[in-house]
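Enquirer: predicted model, plus sequence, below.
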Protein chains: 2
Amino acid sequence: MENKKITSRDVDFAKWYTDVVMAASLASYTSVKGCIAIEPNGYAIWEKMVSILDQKFKELGHTNVQMPLLIPENLLRKEGELVEGFAPEVAWVTEGGSNKLEERHCIRPTSETMFSDYFQKHVKSYKDLPLLYNQWCNVLRWEKETRPFLRSREFLWQEGHTVRATSDEAEKEVYDMMDVYKWFHHEILAIPSITGKKTEKEKFAGAEYTLTNEALMYNGVSLQAGTSHYFGQKFSRAYDIKFQNKENKEEYAYQTSWGTTTRMIGGLIMVHGDDKGLVLPPRIAPRQVVIIPIGKTDKVMELASKFNKELNDNNIVSYIDKSEKTPGFKFAEAEVNGIPLRLEVGERDLEKDNITFTRRDTSEKIIENVNINIVEVTRLLLDKIQNNLYEKALKRREELTFEAHNLDEMKEILENHPGFIKADWCGSEECEVKIKELKGCKSRCITEDKLIDGKCVCCGNDAKHNVIWGLQY
Amino acid sequence: MENKKITSRDVDFAKWYTDVVMAASLASYTSVKGCIAIEPNGYAIWEKMVSILDQKFKELGHTNVQMPLLIPENLLRKEGELVEGFAPEVAWVTEGGSNKLEERHCIRPTSETMFSDYFQKHVKSYKDLPLLYNQWCNVLRWEKETRPFLRSREFLWQEGHTVRATSDEAEKEVYDMMDVYKWFHHEILAIPSITGKKTEKEKFAGAEYTLTNEALMYNGVSLQAGTSHYFGQKFSRAYDIKFQNKENKEEYAYQTSWGTTTRMIGGLIMVHGDDKGLVLPPRIAPRQVVIIPIGKTDKVMELASKFNKELNDNNIVSYIDKSEKTPGFKFAEAEVNGIPLRLEVGERDLEKDNITFTRRDTSEKIIENVNINIVEVTRLLLDKIQNNLYEKALKRREELTFEAHNLDEMKEILENHPGFIKADWCGSEECEVKIKELKGCKSRCITEDKLIDGKCVCCGNDAKHNVIWGLQY
């Protein structure tokens, strides 16, 4: 039985996480240090994420492109802060086709460089603007400690890169895309994330400012899942991206970038998963309903097929587990894989004209008459599961959100149970660094909430912002 | 006007090709030698290719996964022929995160290595089989001479990798996937490709045999567009992929791989394009119909919107060009971009209750009454365009297919006009090498046709196979 392999999440959360990744066949380790193989169950989740987000991006006017994987060193070095931020963690190609290269090329850790180089060549006039591009690709960062999906040397992501003629338009883009990430987390992933601005210290290297989407995991640790950056003219000055504006004057263009990655799969696992394995919200589940025939009589099999067809014809993704395994084994397998809803069609149940649904999120069994409107009932149950998962996650987030008025309180919270810590802050990096000394507690984002008591949690001076703090993946 | 930039294809085919790539905004050069940026128009074609092929692969039982980009050198070296074939043209990562690596890693030129390593760890019993995986990703080969889409250091592709318990099943897979590629070329790309087996010399490094899909470009040069390889037990022996078979005996598994790449975009350009630019068959065109309003009266704009909505509601992808450009400019732009069908809705035409269609493939104008069933008429026209493009390409292929009985004839054909050359062959590599000395003419594939005269075109000895020969991209 698969579930035997899973450590309890309350006993050892880190081990529980890895157990779920392996037991649900989401990913496995490879012979390449720090790099995973994303297996069918994991990749199917990514495909669904891609398809939903991609549609949204396109509705907002973006188109997809593909820039090179390799970046020549001189090009990378043009934007100083970006280099500082990324140079220590890139992989360098130094040999190609049996020859030593004249110039090292790094494997993209992110593509601001290549997009800016492209924009420099293609943006001449305000008539060329806006350019609203997005790229689905792999990137590589030479991380020292890695964990499947959460921190992997290579990972998959999308990176949006836009150029606009005015700062107003560009700043609107930054906020609009953060709204997309928030919507995606709340409505699709059932993750009640919070969004806000990063502090100067935590913003993206090279950005004017960074908006972030922060989700709280079951164990109270934060996961940054989606960022949206306003570059203003920083990259356009570094890469010389100028255009003739409507007044016929030369002006540096305004840029943004925004991205989400396969680490969202890690977020799904750690927000919704339980001791039986993965739990997937129906809207992101690649397979939403498993139909398990019990006793393979003609009547059972015909009914299972009929239900399966009706569901699939109505955009509910179901499948019949026709394998030779025992029903108990099939139940456990569907559970560990996080299939939201199970429908048993059994010989003995049918004698009483019954069929049985079982919810993955609550283990609740719902007995229904065989003649119900299967599509309607299933759709209702899937909606209930989706909502329940969101509500549960929201409750957990609220339970694990604490207020702190001074460093001692912060320390106590971090020692007893990590979570989101709301505390006022004076705005100085000095205090931020001091707070980080508490087990690595970092600012997650500046909220738009009122100040708690108007005093910095660290130095006690007048506070500028209310900030969410926490440990992070 | 865009079309001014395009060299005539009969004057300088190579220049014409690059002109079309640039004028239709399919791709552009970058600051990374040998690597292109795939621009929105080019990437949209790739997205449509991916979506059609991916659906087909899934219908046949394959699922998508993602293996690492980097391959440790020792792992690559396990399969001798593969190393020999690829080692001279890979890029090596030797530094990561500021440190020199203990072992070089190459960027994948193809992923047999990583899949085999994965299979070795996951295949234990016949019950685990078959594993039918596919991966959409980027690969890199350190080519010396490059051309957009046709031969690029980095390119996008899909690579299917399967493991099966018997050679029969695996060989069936090899042929089934070649059928998919052939179907895709004939039915979707309107390219009448030919398929067959590669000779020993031209097969994939490490394969038992290779099937290939060969398309003939307008200029008579061949493009290999899709290969399907039977590995038998070659990789399973090198990577120790063993399973317990039904008789409870240990056995090496049977593997296949198959792939197609972004070079198919190059094929589309070179088979269908003309002196006005790109010509896209409707079934692969990301945008099938452009509606151009002439004179922006309410009546014109309402009608354009109505047609646009009706077409889009019926799965025909149309759009209205509402830009400020002149109609003449819009016509030229739609032409250079290869939009299959143009619909003009004009103020003056409407006085006579007329609208005008113009076919991209023939430039034919079709005047219709404004009250026609727009969906039916458009669908019929798109089908006609699709069929005409296929028929035209088939006619060209037939015109450029020549029989040769000896080397002199071969030479004469290659000098007068390259094309597919059908000639019998004794099966010796010696003759193949000699033929290659004729301007680089290579065997494209072994046909299943009858021998022409039973004598080798090169040595005159008894022939074993009828073979298609030709120049290649």
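Expert: In hand now; what should we look at? Numbers count the residues shown, from 1 in each chain, chains lettered A, B, ... in the order given.

Enquirer: tell me how many other residues surround the residue of the stretch 301-450 of chain A at minimum distance from chain B.
Expert: Nearest residue of the stretch 301-450 of chain A to chain B: A:Glu324, at 9.1 Å (CB to the nearest CB). In short, each C-beta sits where N, CA and C put it, glycine included. Neighbours of A:Glu324 under the rule other CB atoms under 10 Å in any protein chain shown: 6.

Enquirer: select the longest helix from chain A.
Expert: For chain A, the longest helix by residue count, based on DSSP state H, is helix A:374-399.

Enquirer: could you pull out the strands in the stretch 251-400 of chain A for me?
Expert: A:254-261, A:289-294, A:318-320, A:341-346, A:354-359, A:365-369 (DSSP state E, counting those that start in this stretch).

Enquirer: in the shortest one, what counts as buried?
Expert: Within strand A:318-320, the residues that qualify as buried by neighbour count (16 or more other CB atoms under 10 Å in any protein chain shown) are A:318, A:320.

Enquirer: ok, back up a step: now the strands of the stretch 251-400 of chain A as a markdown table including mean pLDDT and distance to A:Ile241?
Expert: Below are the strands of the stretch 251-400 of chain A laid out as a markdown table (pLDDT from 0 to 100; distance: least, CB to CB, whole Å):
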| stretch | mean pLDDT | distance to A:Ile241 |
| --- | --- | --- |
| strand A:254-261 | 98 | 7 |
| strand A:289-294 | 98 | 50 |
| strand A:318-320 | 98 | 50 |
| strand A:341-346 | 97 | 51 |
| strand A:354-359 | 98 | 53 |
| strand A:365-369 | 97 | 58 |
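
Enquirer: and among these, the most buried is which?
Expert: strand A:254-261 (a mean of 26; mean count of other CB atoms under 10 Å in any protein chain shown).

Enquirer: distance between that strand and the chain's centre?
Expert: With CA atoms, centre = their mean, to the nearest Å as the basis, strand A:254-261 stands 14 Å off its chain's centre.

Enquirer: thinking again about what came up before, distance to B:Thr7 for the strands of the stretch 251-400 of chain A - can I get that in TSV?
Expert: TSV is the format used below for those (distance: least, CB to CB, whole Å):
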stretch	distance to B:Thr7
strand A:254-261	35
strand A:289-294	57
strand A:318-320	54
strand A:341-346	60
strand A:354-359	65
strand A:365-369	69
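
Enquirer: show me which residues of the stretch 51-200 of chain A sit near chain B.
Expert: A:63-72, A:75, A:87-98, A:104-105, A:107, A:114, A:117-118, A:121-122, A:133, A:137-138, A:140, A:142-144, A:154, A:156 (CB under 8 Å from any CB of the partner chain).

Enquirer: what separation do you get for the residue lying farthest from the centre of chain A and A:Thr297?
Expert: Computed with CA atoms, centre = their mean, the residue of chain A farthest from its C-alpha average is A:Glu351, at 45.9 Å. A:Glu351 sits 11 Å away from A:Thr297, going by CB to CB, to the nearest Å.

Enquirer: try A:Gly427
Expert: The value you get for A:Gly427 to A:Thr297, if CB to CB is used, is 71 Å.

Enquirer: more crowded one of the two?
Expert: Each of A:Gly427 and A:Thr297 has its neighbours counted (other CB under 10 Å); A:Gly427 has more, 16 against 13.

Enquirer: now do the contacts for A:Trp469.
Expert: A:404, A:410, A:420-423, A:435, A:441-444 (CB atoms under 8 Å, 6 or more residues apart in numbering or on different chains).

Enquirer: now those residues in CSV, with pLDDT, neighbour count and distance to chain B?
Expert: Output for the contacts of A:Trp469, formatted as CSV (pLDDT from 0 to 100; neighbours: other CB atoms under 10 Å in any protein chain shown; distance: CB to the nearest CB, whole Å):
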residue, pLDDT, neighbour count, distance to chain B
A:Ala404, 97, 20, 35
A:Met410, 96, 22, 32
A:Phe420, 97, 22, 31
A:Ile421, 98, 26, 31
A:Lys422, 97, 18, 35
A:Ala423, 98, 29, 34
A:Ile435, 97, 26, 27
A:Cys441, 96, 22, 25
A:Lys442, 97, 18, 21
A:Ser443, 97, 25, 25
A:Arg444, 97, 26, 26
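
Enquirer: closest to A:Glu202 among the residues you listed?
Expert: A:Ser443 (5.7 Å; CB to CB).

Enquirer: buried ones from the residues of the stretch 51-200 of chain A next to chain B, can you make that a ChimeraX selection?
Expert: In ChimeraX, this line selects whichever of these come out buried by 16+ other CB under 10 Å:
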select /A:63,64,65,66,67,68,69,70,71,72,75,87,89,90,91,92,93,94,95,96,97,104,105,107,114,117,118,133,137,138,140,142,143,154,156
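
Enquirer: out of the residues of the stretch 51-200 of chain A next to chain B, which sit inside helices?
Expert: Those of these lying in helices (DSSP H): A:75, A:114, A:117-118, A:121-122.

Enquirer: what's the closest of the residues you listed to A:Gly34?
Expert: For these, the nearest to A:Gly34 is A:Met114 (23.4 Å; CB to CB).

Enquirer: hmm, the closest one is touching B:Ile38, no?
Expert: No - contact criterion CB atoms under 8 Å: A:Met114 and B:Ile38 do not qualify, at 11.9 Å.

Enquirer: close to chain B: what parts of the stretch 301-450 of chain A are there?
Expert: Counting by CB under 8 Å from any CB, no residue of the stretch 301-450 of chain A is near chain B.

Enquirer: shaky segments in the stretch 301-450 of chain A?
Expert: Within the stretch 301-450 of chain A, no stretch has pLDDT under 70.
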